[in-house]
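the sequence and its predicted three-dimensional model are supplied below.
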Amino acid sequence: MQCFVSPMQPSDIDEIIALCRRVYPSSPPWTAAQLLSHLEIFAEGQQVARTAEGALAGMSASLIVRWDAYDALGTWRDFTSGGTFRNHDPSSGRTLYGAEIMVDPTVQGSGVGSALYRARRELAETLGLLRIRAGARLAGYGAVHEQLTPWDYVLDVVSDRRRDPTLSFQLSRGFHVFDVVHGYLEHDPASRGWAALIQWVNPAVATQSDYGVADPRLVPFMARSPACLSGEGLPSGADGTG
Ligand SMILES: CC(C)(COP(=O)(O)OP(=O)(O)OC[C@H]1O[C@@H](n2cnc3c(N)ncnc32)[C@H](O)[C@@H]1OP(=O)(O)O)[C@@H](O)C(=O)NCCC(=O)NCCS
């Protein structure tokens, strides 16, 4: 399906709130005040996708954070300042934080999410940021939580033994998992609050240590630095700064 990604405008707000209700029926939707705040604070980071007929098909919302200023296992509320983006920090942050991406359920699987992810990556590249990070809600975990620990679930997904509606999509977009956290979203029965922390590292600005990994179980599934790919061994070091 053809879709067009463009900067969000104030006139999109009512449709975004309606979209949010369709995508997350059990969660409070974004408020108009939050969405306006995002536009005032970081207009470039807010994007919408529309069909050729002009219908709102999806949206994404991002801000820049200095990652080291947060507890790495913090919640979505921490990284978005309660959804306002008042913590947006373009002067010292090097991480584009993906706070939201959602696609209308009637057009999921038609390439809209991929188009929004491409636009987000282009933004990170244009701004010369080190990486994109986000929490990937484990949308399929709730259904199997009695059989598997969240870690085993994630290891199944990263090794392609299982498909998660959200995380598998993000892995196919070049992201990798660097940790698994609980309590990430408050109103999300599908994930039972579990999320994988994911990142895409910008090869144009990254150094080898920026490809580090938090947990040894994930090492085989991490993106490798260019030096690693040429056979110089696994990257060392923890998360890069910024
Ligand atoms: C996760 C989400 C954003 C993905 O968006 P989407 O528009 O469905 O994604 P796409 O259509 O671009 O890609 C989905 C898959 O469909 C495939 N696809 C792309 N175009 C397609 C088409 N024309 N026909 C069929 N499949 C297609 C893609 O190849 C992709 O498969 P892959 O992941 O194996 O590569 C969307 O499902 C969503 O909004 N989910 C609910 C909200 C959510 O969980 N957001 C994430 C918060 S962390």
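Here it is on my side, so go on.

rest of the way, CA atoms for contacts and neighbours
Noted.

spell out which parts of the protein neighbour the ligand.
Residues of the chain lying close to the ligand by CA under 6 Å from any ligand atom are 1, 23, 100-103, 108-114, 135-137, 166, 168-169, 172.

of the residues you listed, which belong to strands?
100-103, 135-137 (DSSP state E).

pick out the most distant pair among these.
Greatest spatial distance in these: Val103 and Gly135, 16.6 Å, computed using CA to CA.

packing partners of the longest helix seen in the chain?
Longest helix in the chain, counting residues (DSSP state H): helix 112-126. Helix 112-126 sits against strand 3-7, strand 46-51, strand 56-65, strand 95-103, strand 131-137, with contacts defined as 3 or more CA pairs under 8 Å, 6 or more residues apart in numbering; DSSP states H and E.

if you set the cut-off to 10 Å instead, what comes out?
Judged by 3 or more CA pairs under 10 Å, 6 or more residues apart in numbering; DSSP states H and E, helix 112-126 is in contact with strand 3-7, strand 46-51, strand 56-65, strand 95-103, strand 131-137, helix 167-172, strand 195-201.

low-confidence stretches in the protein?
Along the chain, the parts satisfying pLDDT under 70 run over 213-214, 223-242.

which residue is nearest the centroid of the chain?
In the chain, the C-alpha nearest the mean C-alpha coordinate belongs to Ala134, at 3.4 Å (CA atoms, centre = their mean).

and it, what does it touch?
62, 76, 79, 95-100, 170, 175, 177, 195-200 (CA atoms under 10 Å, 6 or more residues apart in numbering).

now it. Nearest residue, chain neighbours left out?
With sequence-adjacent residues excluded and distances taken as CA to CA, 6 or more residues apart in numbering, Ala134 is closest to Gly98, at 4.9 Å.

burial count for the one you found?
By the criterion of other CA atoms under 10 Å, Gly98 has 24 neighbours.

for it, name its beta-bridge partners.
Ser62, Ala134 (DSSP bridges).

what residues are up against it?
Gly98 makes contact with 45, 60-64, 76, 79-80, 117, 120, 132-136, 198-199, according to CA under 10 Å, 6+ apart.

recalculate using a threshold of 8 Å.
By CA atoms under 8 Å, 6 or more residues apart in numbering, the contact list for Gly98 reads 60-63, 132-135.

cool, and Gly193?
Taking CA under 8 Å, 6+ apart as the criterion, Gly193 is in contact with 137, 182-187.

what about the closest residue in space to it that isn't next to it in sequence, neighbour count?
Counting by CA to CA, 6+ apart, Gly193 lies nearest to Gly183, which is 4.8 Å off, once chain neighbours are set aside. Using other CA under 10 Å, Gly183 is surrounded by 16 other residues.

do I have it right that Ser60 meets Ala43?
No - counting by CA atoms under 8 Å, Ser60 does not reach Ala43; the two are 11.5 Å apart.

neighbour count for the two, which is higher?
Legend: neighbour count by other CA under 10 Å for Ser60 and Ala43, higher for Ser60 (23 against 17).

show me what contacts the more buried one?
Counting by CA under 8 Å, 6+ apart, Ser60 touches 45-48, 98-102, 116.

measure the closest residue to Ile64 other than its chain neighbours to Leu39 for me?
Nearest non-adjacent residue to Ile64, counting by CA to CA, 6+ apart: Leu96, 4.5 Å away. Taking CA to CA, to the nearest Å as the criterion, Leu96 is separated from Leu39 by 16 Å.
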